[in-house]
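S.K.: Quick one, what's the 3D model for this:
(3 chains)
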Amino acid sequence: MRKYRKLPNNNLPFAVGKNDSFFAAVYDVVRQIPKGRVTSYGAIGAALGAKSSARMVGWAMNNAHAIIPKVPAHRVVNRQGLLTGKMHFAHPKAMQEALERENIIVKEDQVQDFQQIFWDPIVELSL
DNA sequence: ACGCTGACTATTA
DNA sequence: CTAATAGCCAGCG
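M.R.: Numbering: from 1, shown residues only, chains lettered A, B, ... in the order given. Next up, the predicted model:
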């Protein structure tokens, strides 16, 4: 964690390799999520070529608060559209409120019309 | 080096 | 619906 507390190259393009650029790549994708849209950890992992490493994506989000350009982590939910990471925000309600400010309806931690607003980085970024 | 943990996901019961 | 299992892999004590 501390190792990545301050990424030397958080605006690095897609350089998923040996160094910590995996995180940078994750943040890069997340920052490209349009307002009013959401994506999943697995989708991001898949876009980075590590589709089985959704946990790493979630782990990367844990560091997101320390990243320079703000990372809209609230637009990243799990595969079912559930706000599983809301407790990691300043306040448990912060995530839902942030989403609702973007016209995303959230009910009982579940993003409504999830399929419609789902933003697939593989498709949208033509990966 | 080892075992545990986790903002995940898929499958099975 | 819940629970258990099994992959997953970087960090940490």
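
S.K.: The closest residue to DNA strand B within chain A: what's its closest spatial neighbour, skipping adjacent residues?
M.R.: Going by CB to the nearest atom of the strand, DNA strand B is nearest to residue A:85 of chain A, at 2.0 Å. Where C-beta positions appear, they are placed from N, C-alpha and C, glycine not excepted. In space, and not counting its chain neighbours, residue A:85 is closest to residue A:61: 6.2 Å by CB to CB, 6 or more residues apart in numbering.

S.K.: quick revisit: the residue of chain A closest to DNA strand B reaches residue A:64, doesn't it?
M.R.: No. Counting by CB atoms under 8 Å, residue A:85 does not reach residue A:64; the two are 9.7 Å apart.

S.K.: what residues does chain A put near DNA strand B?
M.R.: Contacts of chain A with DNA strand B, taken as CB under 7 Å from any atom of the strand, map to A:40-43, A:54-59, A:61-62, A:64-65, A:73-74, A:76, A:78-80, A:84-85, A:88-89, A:95.

S.K.: rerun at 6 Å
M.R.: A:40-42, A:54-55, A:58-59, A:61-62, A:64, A:73, A:76, A:78-79, A:84-85, A:88 (CB under 6 Å from any atom of the strand).
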